[in-house]
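# Attaching a predicted model along with its sequence, questions to come.
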Amino acid sequence: MPAAALPDTAPSTDRPPVLIVVAMDEEAAPLLSRLEDARELPVPFPGAARPVRASAGVLAGRPVVVVTAGIGIAAASAAATWGVLAWTPRAVVVAGSAGGLAADVEVGTVVVGTAFRYSIADATAFGYAPGQVPGQPETFAADPALSTAAEEAAREVAPSVRSGLMLSGDAFVTAPLADPMRIRHPGALSADMETTGIVQVCTAFAVPVTAVRAISDLCGPAAGQQFHLELDVVAETSAAATTALVGRL
């Protein structure tokens, strides 16, 4: 669907929208509640096991499209590809929740992605780096200006903000997997099941991208650490940071 299909009352409709991609309805809810002139968009995924949803509207005075992609690398990549081709966005923001991987990351922290890698991809037998898919870079990068703006925006609304490497893969990172993954990917802050696939799509299309995800669970918490927050709490935190970022674009 062309960008002209944004609501008629949206300001500066000649400007491409910001595309915001989340995995789950619970992560989309606080974003959708903030939309002005919101309307649901038709989505070309009739065979999806879990419905893909999209809504257009105005967020922080800017035209946006919010896509709920479903969980996992393939679902997220498919939805992001459709969103980029259909809407030619000026930027893509991956929002929602993530697991905290770094030993000093706490639940509720907002992690802004500046670098992205696949957590369980392994072609090291052929000389590739851990997490590197053959033919792809070792690490995908966020747009520097966009991630800087995201970090500044997150600090307006969240007491704890970190920026750096995010991992994604089709495995939920439980405590037994956390320490080996930290060794394999030093400095990684968080783990999820979508972001790197979306970033790879955006990199292929040369669309600026970053991620703003709040930590809901710790992957292998240390003694005494709070290890879990309810999804609706962290989704609200991510949505507030994302809204502050969109207002800067």
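Cool, the structure landed. On a predicted model such as this, the values are computed, not experimentally measured, just so you know. Numbers count the residues shown, from 1 in each chain.

# make it CA atoms for all contacts and neighbour counts henceforth
OK.

# Where does pLDDT dip in this protein?
1-14, 174-176, 220-229 (pLDDT under 70).

# now stretch 115-124, how far from the centre of its chain.
Centroid separation for stretch 115-124 versus its chain: 17 Å, with CA atoms, centre = their mean, to the nearest Å.

# Identify each buried residue in it, please.
Using 16 or more other CA atoms under 10 Å as the burial criterion, the residues of stretch 115-124 that qualify are 115-122.

# got those residues as CSV, with distance to residue 77 columns?
Compiled in CSV, the buried residues of stretch 115-124 are given as follows (distance: CA to CA, whole Å):
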residue, distance to residue 77
115, 17
116, 14
117, 14
118, 13
119, 16
120, 17
121, 16
122, 20
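
# buried sites along stretch 141-156?
Going by neighbour count (16+ other CA under 10 Å), the buried part of stretch 141-156 is 141-143, 146-154.

# Stretch 20-37 too?
Residues 20-28, 30-32, 34-37 are the ones in stretch 20-37 that count as buried (16+ other CA under 10 Å).

# Filter the residues you listed down to the ones in helices?
Restricting the buried residues of stretch 20-37 to those inside helices, with DSSP state H as the criterion, leaves 25-28, 30-32.

# what about the helices in the protein?
Secondary structure of the chain, counting by DSSP H: helices at 25-32, 73-87, 144-157, 175-184, 195-205, 231-246.

# now the angle between helix 231-246 and the first one, please.
In this structure, helix 25-32 runs at an angle of 40 degrees to helix 231-246, with axes from the mean of the first three to the mean of the last three CA atoms, to 10 degrees as the basis.

# neighbouring contacts of helix 25-32?
With CA atoms under 8 Å, 6 or more residues apart in numbering as the contact definition, helix 25-32 has outside contacts at 22, 38, 55, 66-68, 95-97, 231-232, 235-236, 239, 243.

# Select from those residues the one having the most neighbours.
Using other CA atoms under 10 Å as the neighbour test, those are led by residue 96, with 33 neighbours.

# how close does that one sit to residue 244?
Computed with CA to CA, to the nearest Å, the distance linking residue 96 and residue 244 is 14 Å.

# that older thread, quick check, nearest of the ones in helices among the buried residues of stretch 20-37 to residue 189?
residue 27 (19.8 Å; CA to CA).

# Can you tell me how far the closest one is from residue 182?
26 Å.

# Out of the helices of the chain, which gets nearest to residue 214?
The minimum distance between residue 214 and these falls on helix 231-246, with 5.4 Å, by CA to CA.

# which helices and strands does the closest one pack with?
helix 25-32, strand 91-100, helix 144-157, strand 209-218 (3 or more CA pairs under 8 Å, 6 or more residues apart in numbering; DSSP states H and E).

# Tell me what angle the last one forms with helix 25-32.
The reference is to strand 209-218. Angular relation of strand 209-218 and helix 25-32 on a 0 to 180 degree scale: 130 degrees, by the same axes, to 10 degrees.

# hang on, the earlier thing: what's the closest of the helices of the chain to residue 49?
Taking CA to CA as the measure, the helices of the chain were each checked against residue 49, and helix 73-87 came out nearest at 9.8 Å.

# Which residues does that closest one contact?
With CA under 8 Å, 6+ apart as the criterion, helix 73-87 contacts 1-3, 16-17, 19, 21, 23, 52, 67, 69-70, 89, 168-170, 193-198, 201-202, 205.

# ok, the residue nearest in space to the middle of the chain to residue 118 distance?
The chain has residue 94 as the residue nearest its centroid, 2.3 Å off, counting by CA atoms, centre = their mean. The gap separating residue 94 from residue 118 is 16 Å, by CA to CA.

# Same question for residue 132.
From residue 132 across to residue 118, the span is 7 Å (CA to CA).

# for residue 177, same thing?
On the measure of CA to CA, residue 177 and residue 118 end up 14 Å apart.

# One more: residue 37?
37 Å.

# I'm done for today, thanks for sticking with me.
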